[in-house]
Structure formats: structure tokens, C-alpha cells
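>>> Predicted coordinates and the sequence they were generated for:
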Amino acid sequence: MDMKNYRVICTLTFGDIYGQVIVWLGVIFASLAAALALMGASRPVYALATVGLILVLSLPFLLFAFVTTLLNHIELVMVDPAKQAKTKSTLKATQKPAQAAG
């Protein structure tokens, strides 16, 4: 298999992970609310332990969701060598060198 004839494309957009970000923010706010509720108790160490425990237990699920979403949006597309050479020559003809402003 010649890998020169294939292109790796990532089709991930922010809309694909938007729901995951909202859920993660909800988890953070819930843990902070629990910490504030426990802060009024006589032992504030429990409040910090609650926040730490919630964050540590939810982080692997968040990372798993992000990584699997990313891997689901990676594509290996076969490219026609003749069409690729034509596209490269067209791009070179239309590109202009950068110039300094001013």
C-alpha cells in the first residue's frame, strides 16, 4: 500500500464537541455548588475533597469522549495522483509571494 496516494483529513468542528463542553461545564458547576454547600459545615476540607473527587472521577470520561469523537472524525481519503499534480500546478500559478506592509 503506497501512502502517497492517501490523504488524512480531520473533519472535526466545534459543533461536534459542543455538547461535551456543556456537560463538562455542568459537572464543574455542580461540584462547585456541592463545595459551597459543604463549606458552611464545620469541616471545609470535605468541600475541597468533594471538588477534587468529582473532577478526578469525571476527567477520564471527558478525555475518552473527546478522543473518541476526534478519532471518529479522522478520514483516510484516496487521492488520484493525476488530479493531485494538476491541483498543485494550479495552486502554484495562483499564489503570490508575501509582501511587507507599509
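Sure thing, it's come through. Residues are numbered from 1 along each chain as shown.

>>> chain center to stretch 10-25, what's the gap?
Offset of stretch 10-25 from its chain centre (Cα atoms, centre = their mean, to the nearest Å): 7 Å.

>>> Sorry, wrong one. I was asking about stretch 51-66.
Mean C-alpha position of stretch 51-66 versus that of the full chain (Cα atoms, centre = their mean) differs by 15 Å.

>>> all helices in this structure, in order from the N-terminus.
Residue ranges of the helices in the chain, as given by DSSP state H, are 14-39, 45-72, 81-94.

>>> Regarding Thr11, what are the backbone dihedral angles?
Main-chain torsions, Thr11, degrees, to the nearest 10: phi -100, psi 20.

>>> From Thr69, how far off is Gly15?
Counting by Cβ to Cβ, to the nearest Å, the gap from Gly15 to Thr69 is 11 Å. Bear in mind the C-beta positions are built from the backbone N, C-alpha and C, glycine included.

>>> circling back: mean pLDDT, distance to Lys4 and mean neighbour count added to the helices of the chain, as TSV?
Conversion of these to TSV gives the following (pLDDT from 0 to 100; distance: least, Cβ to Cβ, whole Å; neighbours: other Cβ atoms under 10 Å):
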stretch	mean pLDDT	distance to Lys4	mean neighbour count
helix 14-39	85	29	13
helix 45-72	87	23	13
helix 81-94	64	8	10
